[in-house]
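J.: using only what follows, build the 3D model:
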Amino acid sequence: MKRRLKHFIEQNGLDYPILYLTVLLIIATLIFQNRALFIGYIFGLFLTLYISRGSARKTRTLILIFLSLIASSVSIAFLFKTDSTEGRLLIYKLSSKILSENFPKGIGLNNFDVAYGNAQIDYFKSGHYSQKEFMLADNIIHVYNDYLELIIELGWIGLVLILTFLISIGFLVNNALKNNVKSPILLFIACVQIIAISIASLFTFMIYQVHWQCVLLISFLIVIYFNGYLRLKPVLILGVILTGSLMAYHFGRYIVFKNDYGKAAEALSLSKGGYFDDANKLYKEVYPNLKYDNAITASYIQCLMDNEEFEEAEELLANLLQRNNSSVNYDLLGNCYEKQHKIKLAETAYLNSIYKAPNRFVGRFHLFLLYQNTNQSKKAKRIGMEILKMPVKVPSNTIEYFKATVKSELRKSDMLNKKA
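T.: I've put the predicted structure just below:
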């Protein structure tokens, strides 16, 4: 067995470090259950081996390996975490509709989540959906395909950027591996990473995550070095500058506004203790610098509502929903309208919360209470029966409480109706 393995490795131009790397990468992706990266690494390893060690003799073997890996990749996609796969089909379905309506202009950079949220609300409002789609719909930020998302946001410009990126990958990786016949393990790893991330980006969001951005950047610099375009020292300097710039882009605001973030944390602590006036003073002070931090804005809004400052909370919610139209924020808006006795607006906001994430109980429960409190008994009964019949995605004590409360309130209503 050992001799056969050694013969196979020598015949196919492999070496033991590459074999160990292959096994390690595959085991790691299986442990973390990342199907997209598993498929990416499989293709990355195959293509890198083919370019660096390919020959007429080995092509047949590599093609057989390639075909078997495609079959295993498809099997993994549909046999493991099938709900996740089917949930993404809904995302692709609605994303394709957004693309067809906005190409070639696009919807603008970083606007996908809001556009998708509106599309999902309209989709479930229409009533033409399957039970599976109902159960799998959620608050979505990314399309789970970086290329599709970029084209949706930037239109033809995004398409040009993607083509440029892919052509650059092909040229740089091919040249580096061809010019270094006995590919150093560092170059091999860099090429595998670039191809793996590029492939995985078809099935999930990779480029939007800072750690994968760093891996991609470093891998590109290694490939550029082995292409002979830059010497080691300029590559290291460029790496430090670009990585530093990337870190500054993602985390610089936490350093620049360190004191403001500290005050926001203090405000959150004060609001939890019931000191709403003091908390709101701090929130108001830091809000101009931190208004694009959705979590802090939501905490500020909740504090305003706890302090019965509903008009200001409504204004901030309107701004927040332009950036993040999640079911939670629509539910909060409904609560804000309800406190101000704007019943029709509250109903619309709660319905949007339901349509945005139809399998969640919170929006429906709050809408049920709104109907109960405003004597809309027919609507209350209808939405109450929906809550009682709804399948439970993730069981919890909160859901049990919602169902028990609805059942109790409906019984009371029936008794009152009988007496009347």
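J.: Pro395: how many residues sit nearby?
T.: For Pro395, the neighbour count with other CB atoms under 10 Å is 8. Quick note: C-beta positions are derived from backbone N, CA and C, even for glycine.
J.: dump the residue contacts of it.
T.: Under the criterion of CB atoms under 8 Å, 6 or more residues apart in numbering, Pro395 has no neighbours.
J.: how about the secondary structure of it?
T.: At Pro395 the chain is in coil, as set by DSSP: H, G, I helix; E, B strand; the rest coil.
J.: how close does it sit to Ser326?
T.: Pro395 is 22 Å from Ser326, where distance means CB to CB, to the nearest Å.
J.: do the same with Ser95
T.: Distance from Ser95 to Ser326, counting by CB to CB: 17 Å.
J.: equivalent analysis for Leu232, please.
T.: Shown here: Leu232 relative to Ser326, a distance of 47 Å by CB to CB.
J.: same question for Gly334.
T.: Plainly put, Gly334 is 13 Å away from Ser326 if you go by CB to CB.
J.: between the two, which is the more surrounded one?
T.: With neighbours defined as other CB under 10 Å, Gly334 and Ser326 compare such that Gly334 has more, 26 against 22.
J.: who does the helix or strand where that one lies touch, helix- and strand-wise?
T.: Counting by DSSP states H and E, the element that carries Gly334 is helix 327-339. Judged by 3 or more CB pairs under 8 Å, 6 or more residues apart in numbering; DSSP states H and E, helix 327-339 is in contact with helix 294-306, helix 310-321, helix 343-356, helix 362-373.
J.: and Glu133, which of these is closest to it?
T.: helix 343-356 (12.2 Å; CB to CB).
J.: mean confidence score for that closest one?
T.: What helix 343-356 shows for mean pLDDT is 97.
J.: now Ile141. Its backbone dihedrals?
T.: Main-chain torsions, Ile141, degrees, to the nearest 10: phi -100, psi -40.
J.: which residue packs closest to it, ignoring adjacent ones?
T.: Spatially, and ignoring its direct neighbours in sequence, Ile141 is nearest to Asp113 (4.7 Å; CB to CB, 6 or more residues apart in numbering).
J.: tell me which element the one you found falls in.
T.: Element membership for Asp113 (DSSP H and E) is helix 112-126.
J.: rewinding a little: what sits up against the helix holding Gly334?
T.: With CB under 8 Å, 6+ apart as the test, helix 327-339 has contacts from 139, 298, 301-302, 305, 308, 310, 313-314, 317-318, 320-321, 343, 345-350, 352-354, 356-357, 360, 362-363, 366-367, 370.
J.: so how far is Ala119 from Ser95?
T.: With CB to CB as the criterion, Ser95 and Ala119 are 8 Å apart.
J.: again with Tyr129
T.: 12 Å.
J.: check contacts around Val143.
T.: Per CB under 8 Å, 6+ apart, neighbours of Val143: 91-92, 95, 112, 116, 149, 152, 205.
J.: how about 6 Å then?
T.: 95, 149 (CB atoms under 6 Å, 6 or more residues apart in numbering).
J.: could I get the phi/psi values of it?
T.: In terms of degrees, to the nearest 10, the main-chain angles of Val143 are phi -90, psi -10.
J.: try Met206
T.: Backbone torsions of Met206, given as degrees, to the nearest 10, read phi -110, psi -50.
J.: please report the distance of it from Tyr144.
T.: Distance, Met206 to Tyr144, by CB to CB: 10 Å.
J.: looking at these two, which one has more neighbours?
T.: In terms of neighbours (other CB under 10 Å), Met206 is the more surrounded of Met206 and Tyr144; the figures are 25 against 21.
J.: what's the nearest residue to the more buried one if we skip its chain neighbours?
T.: Trp212 (4.8 Å).
J.: was I right to think that neighbour contacts Thr204?
T.: No: using CB atoms under 6 Å, Trp212 is not in contact with Thr204, being 10.0 Å away.
J.: and the residue nearest to Ile141, how close does it get to Ser100?
T.: 19 Å.
J.: go on, Phe112?
T.: Between Phe112 and Ser100 the distance is 15 Å, computed by CB to CB.
J.: so which of these two has more stuff around it?
T.: Taking neighbours as other CB under 10 Å, Phe112 and Ser100 compare with Phe112 leading, 22 against 9.
J.: quick one: contacts for the more buried one?
T.: Shown in contact with Phe112 (CB under 6 Å, 6+ apart): 149, 152-153.
J.: quick check: which element contains Trp212?
T.: Counting by DSSP H and E, the element that carries Trp212 is helix 210-227.
J.: which elements pack onto that helix?
T.: Judged by 3 or more CB pairs under 6 Å, 6 or more residues apart in numbering; DSSP states H and E, helix 210-227 is in contact with helix 156-179, helix 185-200, helix 232-256.
J.: go through those helices and pick out the most buried.
T.: Counting by mean count of other CB atoms under 10 Å, helix 185-200 has the highest mean neighbour count of these, with a mean of 22.
J.: now that one: how far from the chain's centre is it?
T.: When distances are taken as CA atoms, centre = their mean, to the nearest Å, helix 185-200 is centred 23 Å away from the chain's centroid.
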